[in-house]
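> How does the following fold in three dimensions:
(one chain, ligands or ions: 2)
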Amino acid sequence: MTFVDRPVTVRVPATSANLGPGFDSLGLALSWYDEVTAEVTESGLTFDIRGEGADEVPRDETHLLYRAMDAAFDLLGEHPAGVHLTCRNTIPHGRGLGSSAAAIVAGVVLARALVVGGADRLDDRTLFGLATDLEGHPDNVAPALFGGFTISWVDGAAAETLRLDVDVDVTVFVPPEAVATSVARGLLPAEVPHADASFNAGRAALLVAALTGAPERLISATEDRLHQTYRADAMPESYKLLRRLRVEGVPAVVSGAGPTVLAFAHGVQEWNPPGWAERELRVSSQGAALVP
Ligand SMILES: Nc1ncnc2c1ncn2[C@@H]1O[C@H](COP(=O)(O)OP(=O)(O)OP(=O)(O)O)[C@@H](O)[C@H]1O
Ligand SMILES: N[C@@H](CCO)C(=O)O
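Numbering: from 1, shown residues only. Ligands and ions are numbered 1, 2, ... in the order given. As a prediction, this is how the structure comes out:
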């Protein structure tokens, strides 16, 4: 038999990318999860979707998670006659918490798990490369797949990542309106001043040290000049909250492409703007994991 004859479930964490200075490189897995079950059927593609995005995402071959599954089936050289997907979505979409990376990672992990012997034919590094190609950059898919704190880079065509264990308090402030990553990326300039590139290189290096043993440096280590200010007009309330938190000495950044604001602290609920959702989280040391 080519495919396993039982449903397979994966749990994938939300992620925060950039973390201030580490644009398109640094990422953190968070204790907030989507869960998806996939089952091979006799024909067609069917969905049972609940939670975040349930009213917006397509229920056909263009569904992001299915597109990722299909790409992994291509690599495995096996395509099932039909698939049923049960999605329990809790990660909000378009908020900078890695919902698209979680969907892509869920798709590729499920496809591998559905093929008998799939784990022997597709290793994690290949899955990571495929997920990075689909997402366009590695900073969310790395922690979604491997958990923890990840430093990712692209070497030629190959995506690479280094995973570190960190333990830090995190609070996310999630606004009600989405900003699509594609829109936020469109606001970035093609070139930046050398002084700003140099500024961010130093801060990104410091951030790795701060997260792995020098938390007193987090306020300096989370400064950025490469993306947050350029995107401020698309998310003015986020930018205002970011400035307010930092003036108070709370290390805060725009999470991913925004508009969520992430603070490296707990006990800062008082800063949550009216109408926003606020959530205290921890780092998820585990990335995508099959649920027994
Ligand atoms: N669970 C899901 N199922 C299907 N499609 C999804 C899912 N999660 C995300 N998507 C698709 O990805 C889009 C959001 O991706 P986008 O890159 O704009 O934001 P994000 O991934 O939430 O944030 P960021 O990349 O900044 O962390 C959704 O509008 C939807 O089209
Ligand atoms: N590094 C990405 C993360 C969001 O996908 C960005 O800021 O555009």
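
> count of neighbours near residue 51?
For residue 51, the neighbour count with other CB atoms under 10 Å is 13. Every C-beta, even on glycine, is put in place using the N, C-alpha and C of the backbone.

> Oops, could you answer that again for residue 291 instead?
Neighbours around residue 291, by other CB under 10 Å: 10.

> Name the nearest residue to it, ignoring sequence neighbours.
residue 9 (4.1 Å; CB to CB, 6 or more residues apart in numbering).

> The helix or strand harbouring that neighbour pairs with which strands, parallel or anti?
Assessed by DSSP states H and E, residue 9 sits inside strand 8-18. Sheet pairing for strand 8-18, assigned by DSSP bridges, gives strand 22-41 (antiparallel), strand 289-291 (antiparallel).

> residue contacts, the closest residue to ligand 2 within the stretch 101-250 of the chain?
Distances between the stretch 101-250 of the chain and ligand 2 by CB to the nearest ligand atom are smallest at residue 181, namely 4.4 Å. Neighbour list for residue 181: 94, 96, 100, 256, 257 [criterion: CB atoms under 8 Å, 6 or more residues apart in numbering].

> Contacts only, for residue 85.
36, 37, 38, 45, 46, 47, 48, 49, 63, 65, 66.

> Wait, the third one touches residue 109, no?
No - taking contacts as CB atoms under 8 Å, residue 38 lies outside contact range of residue 109: 9.6 Å.

> higher neighbour count, these two?
residue 109 (30 against 26).

> can you tell me the helix or strand for the more buried one?
Using DSSP H and E, residue 109 falls in helix 99-114.

> Just want the angle from that helix to strand 8-18.
Orientation check (axes from the mean of the first three to the mean of the last three CA atoms, to 10 degrees): helix 99-114 against strand 8-18 gives 150 degrees.

> heading toward the C-terminus, what's the first helix or strand past helix 99-114?
Downstream of helix 99-114 (by DSSP H and E), the next one is helix 118-121.

> Which residues does the longest helix that the chain contains contact?
Of all segments of type helix in the chain, defined using DSSP state H, the longest is helix 194-211. By CB under 8 Å, 6+ apart, the residues outside helix 194-211 that reach it are 19-23, 25-26, 149, 151, 164, 166, 168, 216-218, 220-226.

> Just confirm residue 132 is within a strand.
No - with DSSP: H, G, I helix; E, B strand; the rest coil as the criterion, residue 132 is assigned helix and is not in a strand.

> Just give the number of residues close to it.
25.

> Skipping adjacent residues, who's closest to it in space?
residue 159 (3.9 Å).

> Doesn't that neighbour belong to a strand?
Yes - when three-state DSSP is applied, residue 159 is found to be in a strand.

> List the contacts of it.
Residue 159 is in contact with 128, 129, 132, 133, 138, 142, 152, 153, counting by CB under 8 Å, 6+ apart.

> Let's have those in TSV, adding distance to ligand 1.
Shown next, in TSV, are those (distance: CB to the nearest ligand atom, whole Å):
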residue	distance to ligand 1
128	16
129	18
132	13
133	15
138	12
142	12
152	14
153	18
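
> Determine which two of these are furthest apart.
133 and 153 (14.8 Å; CB to CB).

> sorry, back to before: now which of the contacts of residue 181 would you call buried?
94, 96, 100, 256, 257 (16 or more other CB atoms under 10 Å).

> just checking: which of those residues also lie near ligand 2?
256, 257 (CB under 6 Å from any ligand atom).

> close to ligand 1, is stretch 46-62?
Yes - part of stretch 46-62 sits near ligand 1 under the criterion CB under 6 Å from any ligand atom, namely 53, 57.

> quick one: average pLDDT of that stretch?
For stretch 46-62, the mean per-residue pLDDT is 98.

> near ligand 1, which residues of the stretch 151-292 of the chain show up?
180, 181, 256, 257.

> Identify those among these that sit within helices.
residue 181.

> related to what we said a few turns ago, most tightly packed of the strands paired with strand 8-18?
strand 22-41 (a mean of 22; mean count of other CB atoms under 10 Å).
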